[in-house]
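> Any chance you could fold what I've pasted below:
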Amino acid sequence: MPAPYPYGETVRIVRIGESSGRDPRGQPLPGLDESFDVHGCVVTPRAETPQVGGPEQQGRDTVIVGYTVYAPPRTGVRTTDRVRIRGEVCEITGQPGDWGRSPFTGTRGVVQFAADRVTG
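So this is what the prediction gives:
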């Protein structure tokens, strides 16, 4: 059976697992990460204006690489997830938006989210 979204890009969602208990000092232990592919995404670059830092930031450049991802309907993306896009691991910024159902066709809309890789 062919994929319902044969075009577009495949991105990998990396979900940080829930805590698996506490260490002897009471600190939460990290859980196991899980990941899954999302096929048929539209990935577009997003322009960002770099923030100007104070005197302590002099001589240090911050480069933000941003993408907007339009994923197939009902893609379960959380703000705590990371996403691998074109070989780069990015953090999801902001709340993913579900476009809901079209009043014209009745079909489900895409799930849109922003992903940023911050360096510097």
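
> For the helix or strand bottoming out on mean pLDDT in the chain, which residues meet the burial criterion?
Within the chain, no helix or strand scores below strand 63-71, which has a mean of 85 by mean pLDDT, DSSP states H and E. By 16 or more other CB atoms under 10 Å, the buried positions in strand 63-71 come out as Ile64, Val65, Gly66, Tyr67, Val69, Tyr70, Ala71. Every residue, glycine included, has its C-beta placed from N, CA and C.

> Now do the SS call for the residue lying farthest from the centre of the chain.
In the chain, the greatest distance from the average C-alpha position (CA atoms, centre = their mean) is reached by Pro24, at 33.3 Å. Look at Pro24: counting by DSSP: H, G, I helix; E, B strand; the rest coil, its state is coil.

> partners of the helix or strand that the least confident helix or strand of the chain is followed by in the sheet?
Next helix or strand after strand 63-71 toward the C-terminus (DSSP states H and E): strand 82-85. Here strand 82-85 has these sheet partners by DSSP bridges: strand 9-15 (antiparallel), strand 88-98 (antiparallel).

> what's the angle between the longest strand along the chain and strand 9-15?
In the chain, assigned by DSSP state E, the strand with the most residues is strand 34-46. Taking axes from the mean of the first three to the mean of the last three CA atoms, to 10 degrees, one finds strand 34-46 and strand 9-15 inclined to each other by 130 degrees.

> orientation of strand 34-46 relative to strand 63-71 in degrees?
Using the same axes, to 10 degrees: strand 34-46 against strand 63-71 is 110 degrees.

> quick thing: my sequence starts at 48, can you match it?
Taking 48 as the first residue, the last one we looked at is strand 81-93.

> List the buried residues in strand 81-93.
Buried residues in strand 81-93 (16+ other CB under 10 Å): Val85, His86, Gly87, Cys88, Val90.

> Give me the sheet partners of that strand and which way each runs.
Here, using DSSP bridges, strand 81-93 pairs with strand 56-62 (antiparallel), strand 110-118 (antiparallel).

> Put together TSV for those, with distance to Gly147 on each row.
Shown next, in TSV, are the strands paired with strand 81-93 (distance: least, CB to CB, whole Å):
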stretch	distance to Gly147
strand 56-62	21
strand 110-118	14
